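Colleague: make a model of this:
(chains A, B, C and D)
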Protein chains: 2
Amino acid sequence: MTSVAMQSPTADPGLLALLERLDLFRGLPPAELCAAVRAAGYRTLARGAVLFREGDPADALYVLTQGRVKVTQLTVDGVEILLRFVGPGELFGCVAALGERVYPGTAVAVEPGMVLRWESKVIAALLESCPHLSQNVLRLLTGRVLELQARLRELSTERVERRIARALLRLACQAGREAEDGVLIDLPLSRQSLASLTGTTLYTASRILSRWEQQGLIASGRARILLRSLHGLTAIAEDQSLDH
Amino acid sequence: MTSVAMQSPTADPGLLALLERLDLFRGLPPAELCAAVRAAGYRTLARGAVLFREGDPADALYVLTQGRVKVTQLTVDGVEILLRFVGPGELFGCVAALGERVYPGTAVAVEPGMVLRWESKVIAALLESCPHLSQNVLRLLTGRVLELQARLRELSTERVERRIARALLRLACQAGREAEDGVLIDLPLSRQSLASLTGTTLYTASRILSRWEQQGLIASGRARILLRSLHGLTAIAEDQSLDH
DNA sequence: CGCTATTTTGAGATGGCTCAAGCTATGTGG
DNA sequence: CCACATAGCTTGAGCCATCTCAAAATAGCG
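Modeller: Numbering: from 1, shown residues only, chains lettered A, B, ... in the order given. Here you go, the predicted model:
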C-alpha cells in the first residue's frame, strides 16, 4: 500500500521515447511533448496501491507507464464490478479529470508499476494550448465509448460462456504473454475478478473454466489463466452453433 | 422515408438562440458559434428517416434540433439492440465522426424532426480552431462514458424489473411531458423497444408492465407509457428490499 | 506449518427465456 | 363506413441457464 511521493520526472530520454509512442501523444510536436512531460508528476506503485477512490474529487489524470491497474465500481448494494484493466501506455482517470467532479470508479494497482500524473488544471491548459493533444484524447474517448457499447451489447444478448470467452480473448490481446504451450494472461485474474468483469458469479465462472480446463482449452492456477487454444475459445466466442 | 435535401441554414436568429443553449456550444464566443452554424448543413426528417446506418463510412456529425432519433446496433445474429434515444439539443454520430471510420450504429428518426449536420472534415477544422468547442465535446463524451458505465453496472447486477424501472425513469427525465395524471414518456416506445433497451425480451417486458399497470404504477397504450407513480417506480428502481 | 484466500463441486431454487396462441387497437382500402 | 390487415400486446406452459447457499478441497503466504 505504500508508494513513493510525487516528484517531477527527470528528463529521461528513455521515458520520452516511450511516451512518443503512446496513443495519447502520437504525432505530437516534440516541443509540446516535452512541455507535457515537464508538467507531469510521477509516482511508483506497490501492489495494491490506490490511485483514487470512487467519489474522490477528480483532481488528476493518469497514464500508466509500467504495471497494471484495475478500475472498479461498487453497486449500491456493495458488490464490486470490474470495469477494466489498464495496461502500460493507457490513460485512466480521464473521464473524471476531463469532465466530471469526482472519480466514478476506484483505481488500484494489481502489480507494481509507475504512473505519470497531470493535475486537472494542468491538463486543461495543455489541451487548450495544443489542439493535437485534444484530438488524441477525443480519439481515445471515442474508443472507450465503442468498447463500452460492445460490452453492453454482449451483456444484454450473449450468455455467460460466450462472455467469458470474449473477455479472455480480449485480455489476451491486452495482457497476453506468449508461453510455449499457449498465451498466458499476465495478470492476477481470480475467478471472482473474471466474474465481476463479465457480469456473472464466481461459481458460474469457476464451473465454466473447470470444463474448459478438462477440454484442454485452458490451464489455470491460482489467479492465473493460460489460454491453450485460442482457436477453441474463439469458436465459443463467435460461433452461432456450438458443437457442444 | 423522404427528406428535404441538405441546404445551408439561413441566418435565423431563433436558431442561433437555440444553439447557444446547447451543451455543445455552451460558452462559445458568438463569432465561433456563427462560424460553426455557417459550416453546418441541415435536413428535415420524416418519421422513419435514416440518418446513417451501422457500418456506413462516418462522414458527419449531427445535432438534433427537433424531434427524436433512436440509435440501434445489430448483434451478430441479427438481434437489434437499442443504444439510446436522442432528444433535441443532443449530439449523435459523434463517436464515428470524431475518431472512427464507420458508424457503429444506425440512427433513425422516430418522429419528424430536424438536424444540423457537420461534415467530419469541417468539424475537425472547427475543433482545431476552437479549443472551447473541443472542451465541450470532451465533456459530452465523458458524460456518455459515465452513462454507459452505469448501464453496464445495471445490466450485470440488477434484475430485469429494476432495469426497466430505471429505464422508464431515465426516459421520463429525457422525454417526459407532464400530464394531469402523471408523466407521459413522449416517444413511441413499444414493449419491444423497451426490451431491447434494457436487455430483456418482449415477453418479460410485457409481463412486468402489465403487472405495474394493475398496481396503478403506470398506464400504457400502444407504444405509449404514462408513469403514474414516479415514487413507486423509484422504489422499485432503488430499494434493496421490495415489499412485493 | 497453520492461516487465509481461492477454487471446486453439489443440490436446489428460480428468474427469465422460448415457443405458441390469441387478443386488440389502429389504420387502410374497398 | 365497414372489414380486413397489420403491428403491437398479453398470457400460458414448460424449460433451462444461472444464481444461491453450503461445504469441502487446495494452494500460497507469513
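Colleague: tell me where chain A has strands.
Modeller: Taking DSSP state E, the strands of chain A run over residues A:41-45, A:50-52, A:60-74, A:80-86, A:91-92, A:106-119, A:176-179, A:182-185, A:218-221, A:224-227.
Colleague: deepest of those strands, which one?
Modeller: Highest mean neighbour count of the strands of chain A: strand A:91-92, a mean of 23 (counted as mean count of other CB atoms under 10 Å in any protein chain shown). C-betas here are computed from N, CA, C, even on glycine.
Colleague: could the strands of chain A go into TSV alongside mean pLDDT and distance to residue B:86?
Modeller: TSV is the format used below for the strands of chain A (pLDDT from 0 to 100; distance: least, CB to CB, whole Å):
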stretch	mean pLDDT	distance to residue B:86
strand A:41-45	93	39
strand A:50-52	95	32
strand A:60-74	95	26
strand A:80-86	96	25
strand A:91-92	96	27
strand A:106-119	94	31
strand A:176-179	93	38
strand A:182-185	96	38
strand A:218-221	94	42
strand A:224-227	96	40
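Colleague: with distance to residue B:55 added, can I get these in TSV?
Modeller: Below are the strands of chain A laid out as TSV (distance: least, CB to CB, whole Å):
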stretch	distance to residue B:55
strand A:41-45	41
strand A:50-52	38
strand A:60-74	30
strand A:80-86	26
strand A:91-92	28
strand A:106-119	35
strand A:176-179	29
strand A:182-185	30
strand A:218-221	33
strand A:224-227	30
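Colleague: so the helix ranked longest in chain A versus strand B:80-86, what angle?
Modeller: Assignment by DSSP state H gives helix A:131-157 as the longest helix of chain A. Comparing the axes of helix A:131-157 and strand B:80-86 via axes from the mean of the first three to the mean of the last three CA atoms, to 10 degrees yields an angle of 130 degrees.
Colleague: got the angle between helix A:131-157 and strand A:60-74?
Modeller: Angle of helix A:131-157 versus strand A:60-74, following the same axes, to 10 degrees, is 10 degrees.
Colleague: what comes up buried for helix A:131-157?
Modeller: A:131, A:133-142, A:144-146, A:148-149, A:151-157 (16 or more other CB atoms under 10 Å in any protein chain shown).
Colleague: hmm, that helix in reach of DNA strand C?
Modeller: No. Using CB under 7 Å from any atom of the strand, helix A:131-157 never reaches DNA strand C; the gap is at least 8.2 Å.
Colleague: quick one: residue A:193 from residue A:214, how far?
Modeller: Per CB to CB, to the nearest Å, residue A:193 is found 22 Å from residue A:214.
Colleague: those two: which has the busier surroundings?
Modeller: Counted by other CB atoms under 10 Å in any protein chain shown, residue A:193 and residue A:214 do not tie: residue A:193 has more neighbours, with 20 against 9.
Colleague: leaving out chain neighbours, which residue sits closest to the more buried one?
Modeller: Of all residues not flanking residue A:193 in the chain, residue A:82 sits nearest, at 5.7 Å (CB to CB, 6 or more residues apart in numbering or on different chains).
Colleague: got the contact list for the one you found?
Modeller: Residue A:82 sits next to A:70-72, A:193, A:196-197 when contact means CB atoms under 8 Å, 6 or more residues apart in numbering or on different chains.
Colleague: now do 6 Å
Modeller: Contacts for residue A:82 (CB atoms under 6 Å, 6 or more residues apart in numbering or on different chains) come out as A:72, A:193, A:196-197.
Colleague: closest one to DNA strand C out of those, please.
Modeller: The shortest approach to DNA strand C among those belongs to residue A:193, at 7.4 Å (CB to the nearest atom of the strand).
Colleague: so how far is residue B:178 from that closest one?
Modeller: For residue A:193, the distance to residue B:178 - CB to CB - is 46 Å.
Colleague: next: residue A:92.
Modeller: As judged by CB to CB, residue A:92 and residue B:178 stand 41 Å apart.
Colleague: state which one residue of chain A is found closest to DNA strand D.
Modeller: Nearest to DNA strand D in chain A, going by CB to the nearest atom of the strand, is residue A:159, at a distance of 2.7 Å.
Colleague: now do that residue against residue A:111, distance only.
Modeller: 31 Å.
Colleague: distance check, residue A:88 against residue A:111.
Modeller: Going from residue A:88 to residue A:111 by CB to CB gives 11 Å.
Colleague: how about residue A:53?
Modeller: 19 Å.
Colleague: now residue A:75
Modeller: Distance from residue A:75 to residue A:111, by CB to CB: 26 Å.
Colleague: so residue A:66 bridges to which residues?
Modeller: For residue A:66, the beta-bridge partners are residue A:114 (DSSP bridges).
Colleague: can I get the contacts of residue A:82 in a markdown table with distance to DNA strand D?
Modeller: As requested, these are arranged in a markdown table below (distance: CB to the nearest atom of the strand, whole Å):
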| residue | distance to DNA strand D |
| --- | --- |
| A:72 | 18 |
| A:193 | 15 |
| A:196 | 11 |
| A:197 | 12 |
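Colleague: list, one by one, the residues from chain A near DNA strand D.
Modeller: Counting by CB under 7 Å from any atom of the strand, chain A sits next to DNA strand D at A:159-161, A:199-201, A:203-204, A:221-222.
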